[in-house]
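Peer 1: need a 3D model of the following:
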Amino acid sequence: MTRSVPGSSSARSTAHSSVGTFPATRLRRNRSNDWTRRLVREHEVTASCLVLPLFVVEGENVTQPIDSMPGVFRYSIDRLTEVVDEARALGIPSVALFPSVDDALRTDDARESWNPDNLVCRAIKRLKSAVPGIGVITDVALDPYTTHGHDGFLRDGRIVNDETVEALTHQALAHAAAGVDIVAPSDMMDGRVAAIRDALDRAGHDGVGIVSYAAKYASGFYGPFRDAVGSGKRLSGDKNTYQMDPANSDEAMREIEMDLKEGADMIIVKPGLPYLDIVRRAKDTFGVPMIAYHVSGEYAMLRAAAANGWLDYEQCLMETLMGFRRAGCDAVITYGALDAARLIKRQGRK
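Peer 2: Below is the predicted model:
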């Protein structure tokens with residue numbers, strides 16, 4: 001059953017009976033001054049609704065540019081803390097960590113993913129001690145750790161579900177023991193949210209949240225991300241057997257409903273811009289915290305067009321983020337989070 005939530009299209013549909021007509025009603029009057037535009041503004045992008053995704057690598061004093069994502073870097077843990085400290089100072093409440101793992105640690109069984117002393121676990125510990133108050137979210141998926149670049153175990157040419165879920169559970173437990181605030185399973189295996197929730201609770205980590213990539217589509221917009229974590233060149237085949245068909249909307253509602261029933265605290269739709277209808281429909285249907293992932297390809301397109309002088313990067317970034325908010329997003333994961341937060345600060349907003 002569709003639930004009406006404040007600000008939803010269903011809640012607004014009854015308000016149109018009072019609409020006036022020209023010339024008594026002139027809608028431009030409300031747009032004639034900056035203060036009136038601000039007064040009647042329906043949505044706002046603030047630093048507090050942004051999540052900053054970050055790539056972490058081994059080493060010290062390392063800042064590696066990612067060619068396909070201008071302005072985005074891989075950081076060693078010591079440099080990571082500097083970036084996260086700036087994010088906190090700008091009002092960004094949380095960061096999402098993604099590892100770029102050394103080739104020698106990639107195996108068919110992805111066992112490095114649940115090593116309690118792996119790159120992500122060390123980064124969690126460092127950030128929680130060095131940058132108090134910042135929220136840390138970690139990706140729970142096997143693709144940065146496998147030799148074949150898939151999010152699960154590959155057996156006889158197919159991704160097996162239940163063995164993968166067991167590994168994901170070990171991974172989530174390792175992150176929780178390191179002090180993570182929220183784990184974010186992005187693998188799209190069936191039943192993984194329930195398994196992770198049960199394992200976390202049994203281990204005494206009932207305070208660790210789960211934000212589920214419940215509607216993650218098999219998209220062409222992930223290319224630069226795969227470059228960043230080093231999985232793209234290893235990927236054998238595609239991910240169509242576990243990530244969602246871009247043609248499907250009803251299926252997304254089933255995925256979201258199942259993950260909520262299994263214990264997800266928040267929901268992610270990924271990618272963002274081509275799937276704003278999914279965000280809006282899910283918000284209207286379930287009324288739960290919704291996050292969109294403004295993914296690497298979407299971000300890279302903005303950067304490339306701006307580099308060619310075809311658009312204004314800052315203006316189009318903010319317009320994009322406003323689109324997410326208008327569609328029903330409570331938060332947005334975006335590689336432009338620092339850029340947006342700096343702009344908001346320059347404008348004197350919070």
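Peer 1: once you drop chain neighbours, what's closest to Gly59?
Peer 2: Ser76 (4.5 Å; CB to CB, 6 or more residues apart in numbering). In short, each C-beta sits where N, CA and C put it, glycine included.
Peer 1: pretty sure the one you found contacts Asn61?
Peer 2: Yes: counting by CB atoms under 8 Å, Asn61 is a contact partner of Ser76 at 6.4 Å.
Peer 1: these two: which is more packed in?
Peer 2: Ser76 (18 against 8; other CB atoms under 10 Å).
Peer 1: who touches that one in this structure?
Peer 2: Shown in contact with Ser76 (CB atoms under 8 Å, 6 or more residues apart in numbering): Val56, Val57, Glu58, Gly59, Glu60, Asn61, Val62, Thr63.
Peer 1: check which helix or strand covers the nearest residue to Asp206 once chain neighbours are set aside.
Peer 2: Spatial nearest neighbour of Asp206, excluding adjacent residues (CB to CB, 6+ apart): Leu200 at 6.7 Å. Element membership for Leu200, per DSSP states H and E: helix 192-202.
Peer 1: in that helix, what's buried?
Peer 2: Arg192, Val193, Ala194, Ala195, Ile196, Arg197, Ala199, Leu200 (16 or more other CB atoms under 10 Å).
Peer 1: where do the strands sit along the stretch 1-150 of the chain?
Peer 2: 50-57, 63-65, 73-76, 94-99, 135-140 (DSSP state E, counting those that start in this stretch).
Peer 1: wait, which of these is closest to Arg234?
Peer 2: Of all these, it is strand 94-99 that lies closest to Arg234, at 14.5 Å by CB to CB.
Peer 1: quick one: low-confidence ranges for the stretch 101-250 of the chain?
Peer 2: Within the stretch 101-250 of the chain, the segments meeting pLDDT under 70 span 231-233, 235-236.
Peer 1: run the last query once more with 90
Peer 2: For the stretch 101-250 of the chain, applying pLDDT under 90 flags the ranges 103, 147-149, 151, 157, 223-238.
Peer 1: ok, which stretches of it are helices?
Peer 2: 119-130, 161-178, 192-202, 223-229, 250-262 (DSSP state H, counting those that start in this stretch).
Peer 1: format these as CSV; extra columns: distance to Leu27.
Peer 2: Shown next, in CSV, are those (distance: least, CB to CB, whole Å):
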stretch, distance to Leu27
helix 119-130, 47
helix 161-178, 50
helix 192-202, 45
helix 223-229, 41
helix 250-262, 35
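Peer 1: out of the ones you listed, which is closest to Arg346?
Peer 2: helix 119-130 (26.1 Å).
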